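Chemist: all I have is the shape, not the residue letters:
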Ligand SMILES: C[S@@+](CC[C@H](N)C(=O)[O-])C[C@H]1O[C@@H](n2cnc3c(N)ncnc32)[C@H](O)[C@@H]1O
Ligand SMILES: [Zn+2]
């Protein structure tokens, strides 16, 4: 037994709004592609005794905790340690009734004192959601990439205006034989590189940490293909729901849903459509669903959450 309680560690975001779109009470097979601590899955399974769930997470610790939480549902829940980029293999190309992805990191990961996701704790700069993967850690990435590559990551994924200065300092340290290896070293370096603005409400290192995390876990690169694969796996009338936490993710979800709803993205002057947009889904959320004021007040993590869903036709 792990001595942590899954229900207390991570509060599921936009729970009732997600369930309203997925409708697990109709029974069938549902995939939670980002199981986390099983908050959404718990409610999906409780909705009907005819509902089965396949839960995927690349973080073995989360999977273990969710397994304990969902044990009461017995064989109705199957949990798989994998990246959701392999969703087709995981569900063995079977048709399913609903798919959910609640993207990004969980509180379990952000609040870990050892995994390097947060500048609140001094730890090796790791940031891998799947530490068993053998993939590069954030520290290794900063040792390998060029100054321009580091600056581009911090600029694009962190929307940090001072990315070039931060990247230059990272390389200066590396050239001195003192590469950045810990969270505190990176947070300190960012603080020294970015002009201090008293009205800044967030820690100046937030954007750089987010950028590195996205790069280490290739978080943006896999979303569009995941959506295409998911729509192909859905039965007619099956629903795909995705919760994002920043504008970069939300833009990819919005544009991919639009393409799958048949919206042509060809330049306006093109006489005949060349982009091959084919209608496969109806979009259920004209605008993204956001958390109510009460939820935003009770769970600050929900403030940046956006939920979009589509139904296969
Ligand atoms: C925001 S949390 C999900 C929380 C969950 N809905 C709950 O209520 O407990 C996101 C989870 O997805 C996992 N994750 C993120 N990207 C993933 C990917 N590409 N493949 C598999 N799991 C992923 C993370 O490890 C994390 O546990
Ligand atoms: Zn077109």
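Modeler: Cool, got the structure. Just so it is clear, the structure is predicted and the values come from calculations on it, not from any experiment. Ligands and ions are numbered 1, 2, ... in the order given.
Chemist: what about the helices in the stretch 1-150 of the chain?
Modeler: Along the stretch 1-150 of the chain, counting by DSSP state H, counting those that start in this stretch, helices occupy 6-9, 15-22, 39-46, 60-69, 87-90, 107-110, 138-144, 147-158.
Chemist: make TSV from those and add distance to residue 266, mean neighbour count and mean pLDDT to it.
Modeler: Glycine gets a C-beta too; all of them are placed from N, C-alpha and C. TSV is the format used below for these (distance: least, CB to CB, whole Å; neighbours: other CB atoms under 10 Å; pLDDT from 0 to 100):
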stretch	distance to residue 266	mean neighbour count	mean pLDDT
helix 6-9	47	15	68
helix 15-22	30	19	98
helix 39-46	37	23	98
helix 60-69	42	19	96
helix 87-90	29	18	98
helix 107-110	40	18	92
helix 138-144	37	18	98
helix 147-158	25	19	98
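Chemist: how about these, which one is nearest ligand 1?
Modeler: Taking CB to the nearest ligand atom, helix 39-46 is the member of the helices of the stretch 1-150 of the chain nearest to ligand 1, at 2.6 Å.
Chemist: contact partners of the closest one?
Modeler: 6-7, 10-12, 15, 18-19, 22, 24, 30, 32, 35, 51, 53, 55, 66, 69-70, 73, 76-77, 98, 100, 102 (CB atoms under 8 Å, 6 or more residues apart in numbering).
Chemist: poorly predicted segments of the protein, please.
Modeler: 1-8 (pLDDT under 70).
Chemist: point out the residues in it that sit beside ligand 2.
Modeler: Residues of the chain found near ligand 2 (CB under 5 Å from the ion) are 264, 266, 273, 275.
Chemist: select the longest strand from the protein.
Modeler: In the chain, with assignment by DSSP state E, the single longest strand is strand 234-244.
Chemist: strand partners of that strand, parallel vs antiparallel please.
Modeler: Using DSSP bridges, the strands paired with strand 234-244 in its sheet are strand 96-102 (parallel), strand 306-312 (antiparallel).
Chemist: what's the next secondary structure element after that strand?
Modeler: Remark: after strand 234-244, the chain's next helix or strand is helix 247-260, criterion DSSP states H and E.
Chemist: returning to that earlier point: filter the contacts of helix 39-46 down to the ones close to ligand 1.
Modeler: Restricting the contacts of helix 39-46 to those near ligand 1 by CB under 6 Å from any ligand atom leaves 10, 12, 102.
Chemist: which stretches of the stretch 51-200 of the chain form strands?
Modeler: For the stretch 51-200 of the chain, the strands defined by DSSP state E, counting those that start in this stretch occupy 51-57, 77-81, 96-102.
Chemist: residue 269 should be in a strand, yeah?
Modeler: No. Residue 269 is assigned coil when assessed by DSSP: H, G, I helix; E, B strand; the rest coil, not a strand.
Chemist: tally of neighbours for it?
Modeler: Neighbour count for residue 269, taken as other CB atoms under 10 Å: 5.
Chemist: care to break this protein down by domain?
Modeler: 6-104+220-312, 119-216 (automatic domain parsing).
Chemist: can I get the residues of the chain next to ligand 2 in TSV including secondary structure?
Modeler: As requested, those are exported to TSV (three-state DSSP):
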residue	secondary structure
264	coil
266	coil
273	coil
275	coil
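Chemist: pull the residues that contact stretch 198-213.
Modeler: With CB under 8 Å, 6+ apart as the test, stretch 198-213 has contacts from 105, 117-119, 125, 127, 138, 141-142, 153-160, 166, 183, 186-187, 190-191, 194, 196, 219, 246.
Chemist: thinking again about what came up before, looking at the strands paired with strand 234-244, which one is packed in the most?
Modeler: Mean neighbours per residue, mean count of other CB atoms under 10 Å, is largest over the strands paired with strand 234-244 for strand 96-102, with a mean of 25.
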